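Asks: My questions are about this predicted structure, shown below with the sequence.
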Amino acid sequence: MLSRVADNLYWFGRYIQRAENTARLINVNSNLMLDLPRRISLGWGPLIAIVGAEPEFFELYDEPTEENVVRFLMSDTRYSGSIQSSLHSAREILRISRDTMPRDIWERLNDLYFYVQERGEAAVQRNTRLVFLNQVVSGALLIYGLLATGMSHDVGFQFLRIGTNIEQADMTTRILDVRAARLLETADSPDLTPFENIIWMSVLRSLTAYQMYRRYLRKRVNGAGVLRFLLQNREFPRSVMFCMTTIASTLPQLPNSRKIERAIDRTRALVRDANVEVLLRSPDGIPQLMDEIQIGLGELHGALNEAYFSQ
Amino acid sequence: MAFDWRQYRCEDAYDELFEAAGKPRPAARNLYSYLQSTNAKDLADRRLAADLAIKVMGITFTVYSEGKMLDRAWPFDILPRVIPRTEWERTERGLKQRVTALNHFIQDVYGPQKIVKDGIFPAEILAESVNFRPQCVGVKPKFGVWAHICGSDLVRDRDGTVYVLEDNLRVPSGVSYMLENRMVIKRIWPELFQTTNILPVDDYPAQLYDTLAALSPRPGDTPTIVLLTPGIYNSAYFEHAYLAQQMGIELVEGPDLTVGEDDCVYMRTIYGPKRVDVIYRRIDDLFLDPEAFNPDSLLGAKGLMRAWIKGKVGLANAPGAGVADDKVVYAYVPQMIKYYLGEDAILPNVPSYLCFDPKQREYVLNNLDKLVVKPANESGGYGMMIGPRASKEEHAKFRALIEKNPRNYMAQPTLSLSTGPTITDSGVEARHLDLRPFILSRGESTYVTTGGLTRVALVKGSLVVNSSQGGGSKDTWIVDIDDEAPPVMPPQTQKQGGQ
């Protein structure tokens, strides 16, 4: 397998996952806004913080209003992380790697891309947004389905899985980072307390984790429980631990994977050993852990790059 | 109601399917009687089905316009062009003869230059050839073959004579469309394949693979063959991906390749460097190797020329093969055939006037309104002037161009390209067409595609068939009329289609 092709497959996985995650994020925030009273509204700014695009955003827009943020994340082609840009990048990759993936994928991705291109702008409005975002999520899931069932689980497929999972671990930690910081800031404010649960629930929902969390813990939602579940749970596919373990499981099929294994092990230890209750007691605890995990993911990407993509 | 072929206007040029309105040529009789039994709605339905098939199969070509890349559906006409087998066999012999002579010429030019010393070929043409690569002097590629893949353009004049219009020896493209056209047409007219003995074309990828494999410097092994593409912005990218897939070889870009200290070529894989034996390159000479040619090129790989000269990698076509792909050199092909093979050319050249020769130049300048003027080294129909259709200003512009750089121009009489019935928005009408067969040279044997790519000018009266300039294509049928099943009428349901 050519290094360039492996690199492309890795990024294809990431872009599709990113489009899906961004769609969920906007969707959940839209719902959250409906539930919170205006006076304690969290606003839309945190979404920009989650995707780490403040500089790009403020270069293009003045205020993080709902309309601006939604447009920026959904259909703004000037921002490389918007849903439309992510799908565009995935499509450009597929155009040059069509021979490595089943032909159906090309057709389905085209459907999705043209849909987003046609409807994205109109879907900035609340009344059509939900249908649009659901369509993006379904389209992405269809592509995963076709990949999982129609593509040989060869070495190329492993690069797709690595991309998908590293993107998910990245998004999960980003969401936790921003939401936890915000909740901690206002922990003393009695106003927010009744809504704290709603916010933690929305964190779970943006990662489709609410139902699984309830089945797993069978008690009311609270910060420590959510953090533990999304970081350390070994069975939920969007937890950081699950993603890291999935990446580790691809290694037997890859050559020269020693350094990658070490990078994964370091991050896994970091996640496993974190004592969430203790971290929650200090204001910097959670953000610091998230930073460390992010650095770990960065190292993993660097190791992949060195071992395969820049051969 | 069927289309009334008596209304088909085809008397302005030689028509490939009809001797006269309503009177089909023998090879087209089956097709004709079949078309007679279809009605206008059938035809429209089949045309729609073809458009859909092309979209679903993703057959596209790329146009680069206003800084944007556009992926356009391949324009295709569902009425095939038919050539009788006996006629084709002669053309095939002519093409083999021609390419063999061209390869002798290239080898000679980079070697002893006997043809120049013997006064057959003027030294000054060689000296001013932009496609002559001094880096190639003294190189002897395997089997003495330089142009492994050649695409020659054939046109037919009013009297039915087939001429060679040009030989593309650099990176000829179009063969994937020939293959895909056949795939589409089989879906559209399956009945006709039962009644007519249409020779198959799908052997090409296998033949190309064998041609490439024979160039491996490590015989015996299963060679590693790659197709080197400039990338998705190239107009022929679809073809590159298609051929790589059909042959099961790796599609690589310049940055995927490196040349080692040992002068071998390697590709970067996740398992580390892997040695490459043969490169089917689809990028121009000058971008092939920044070390030997254009130092700014990002498309090629540094050191490729070195590897090739040392015999560590096979390159098809060989660098420098384009020296014979020059519209001025072209004029000498009949002499080359005589000189190297001692034979007369089977396929004639279009008469050509070379502007570097003062007498011929004078004739050209005095007859600009009657001639087609072409630059020596452009392809794709760019930079040429069709005299009878050009304005006075254009005549003046070309007069100045020719006077400034006579070596770079040649002129030919305006041929009335043959036509074929084509479905247009205003019914079936005659459109001009040409034919590009592909010839594979392997030293001991030469392969010619069965037919080739028929390109058709979709604009009424136009003579420009290039897809980049509004051309389309047709499937090309080489038909064996001595070995034919009796005609079968289409199934009843279709006859009733529009009633």
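Replies: That came in fine, so what should we check first? Just so it is clear, the model here is predicted, and its values are computed rather than measured.
Asks: Spit out the contact partners of B:C355.
Replies: Residues near B:C355 by CB atoms under 8 Å, 6 or more residues apart in numbering or on different chains: B:361, B:364, B:402, B:406-411. Heads up, the C-betas are built off the backbone N, CA and C, glycines and all.
Asks: any idea how far it lies from B:L368?
Replies: Taking CB to CB, to the nearest Å as the measure, B:C355 falls 11 Å from B:L368.
Asks: Could you do A:G298 as well?
Replies: Distance from A:G298 to B:L368, by CB to CB: 67 Å.
Asks: Okay, buried residues for stretch B:235-244 please.
Replies: B:235-244 (16 or more other CB atoms under 10 Å in any protein chain shown).
Asks: JSON lines please, covering these and showing pLDDT.
Replies: Output for these, formatted as JSON lines (pLDDT from 0 to 100):
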{"residue": "B:S235", "pLDDT": "81"}
{"residue": "B:A236", "pLDDT": "86"}
{"residue": "B:Y237", "pLDDT": "86"}
{"residue": "B:F238", "pLDDT": "84"}
{"residue": "B:E239", "pLDDT": "90"}
{"residue": "B:H240", "pLDDT": "92"}
{"residue": "B:A241", "pLDDT": "87"}
{"residue": "B:Y242", "pLDDT": "88"}
{"residue": "B:L243", "pLDDT": "93"}
{"residue": "B:A244", "pLDDT": "90"}
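Asks: Tell me which of A:G298 and B:L368 has more neighbours.
Replies: More crowded of A:G298 and B:L368, by other CB atoms under 10 Å in any protein chain shown: B:L368, with 20 against 14.
Asks: Quick check: chain neighbours aside, which residue is closest to that one?
Replies: The shortest distance from B:L368 to any non-neighbouring residue, by CB to CB, 6 or more residues apart in numbering or on different chains, is to B:H395 (4.6 Å).
Asks: And B:S216, by the same measure?
Replies: B:P223 (3.6 Å).
Asks: The one you found: what's it in contact with?
Replies: By CB under 8 Å, 6+ apart, the residues touching B:P223 are B:212-213, B:216, B:277-278.
Asks: can we see that at 7 Å?
Replies: With contact taken as CB atoms under 7 Å, 6 or more residues apart in numbering or on different chains, B:P223 is in contact with B:213, B:216, B:277-278.
Asks: Show me the strands in the stretch 351-499 of chain B, by range?
Replies: B:353-354, B:371-375, B:385-386, B:409-413, B:419-424, B:427-436, B:438-441, B:446-448, B:453-457, B:471-479 (DSSP state E, counting those that start in this stretch).
Asks: can I get those in CSV with mean neighbour count, distance to chain A and mean pLDDT?
Replies: Shown next, in CSV, are the strands of the stretch 351-499 of chain B (neighbours: other CB atoms under 10 Å in any protein chain shown; distance: least, CB to the nearest CB, whole Å; pLDDT from 0 to 100):
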stretch, mean neighbour count, distance to chain A, mean pLDDT
strand B:353-354, 22, 43, 90
strand B:371-375, 22, 33, 89
strand B:385-386, 18, 36, 88
strand B:409-413, 24, 39, 90
strand B:419-424, 22, 27, 93
strand B:427-436, 22, 25, 94
strand B:438-441, 24, 22, 97
strand B:446-448, 20, 25, 97
strand B:453-457, 25, 22, 95
strand B:471-479, 25, 22, 94
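Asks: For chain B, give me the ranges with low pLDDT.
Replies: Within chain B, the stretches with pLDDT under 70 are B:1-2, B:56-58, B:62-71, B:378-381, B:468, B:483-499.
Asks: List, one by one, the residues from it near chain A.
Replies: Taking CB under 7 Å from any CB of the partner chain as the measure of proximity, chain B contacts chain A at B:58, B:232, B:241, B:244-245, B:250-253, B:256, B:267-272.
Asks: low-confidence ranges in the stretch 151-300 of chain A?
Replies: For the stretch 151-300 of chain A, applying pLDDT under 70 flags the ranges A:182-193.
Asks: Which residue would be the closest one in it to chain B?
Replies: A:P255 (5.0 Å; CB to the nearest CB).
Asks: show me the residues around that residue that make contact.
Replies: Per CB under 7 Å, 6+ apart, neighbours of A:P255: B:270-271.
Asks: Now do the SS call for it.
Replies: Secondary structure assignment for A:P255 (DSSP: H, G, I helix; E, B strand; the rest coil): coil.
Asks: How about B:I83?
Replies: Classification of B:I83 using three-state DSSP returns strand.
Asks: Quick one: residues contacting the nearest residue to it once chain neighbours are set aside.
Replies: Spatial nearest neighbour of B:I83, excluding adjacent residues (CB to CB, 6+ apart): B:I478 at 5.4 Å. By CB under 7 Å, 6+ apart, the contact set of B:I478 is B:83, B:85, B:88, B:199, B:450-451.
Asks: Drop anything exposed from these.
Replies: Here, 16+ other CB under 10 Å leaves B:83, B:85, B:88, B:450-451 buried among the contacts of B:I478.
Asks: How about B:P413: which residues does it bridge to?
Replies: B:L371 (DSSP bridges).
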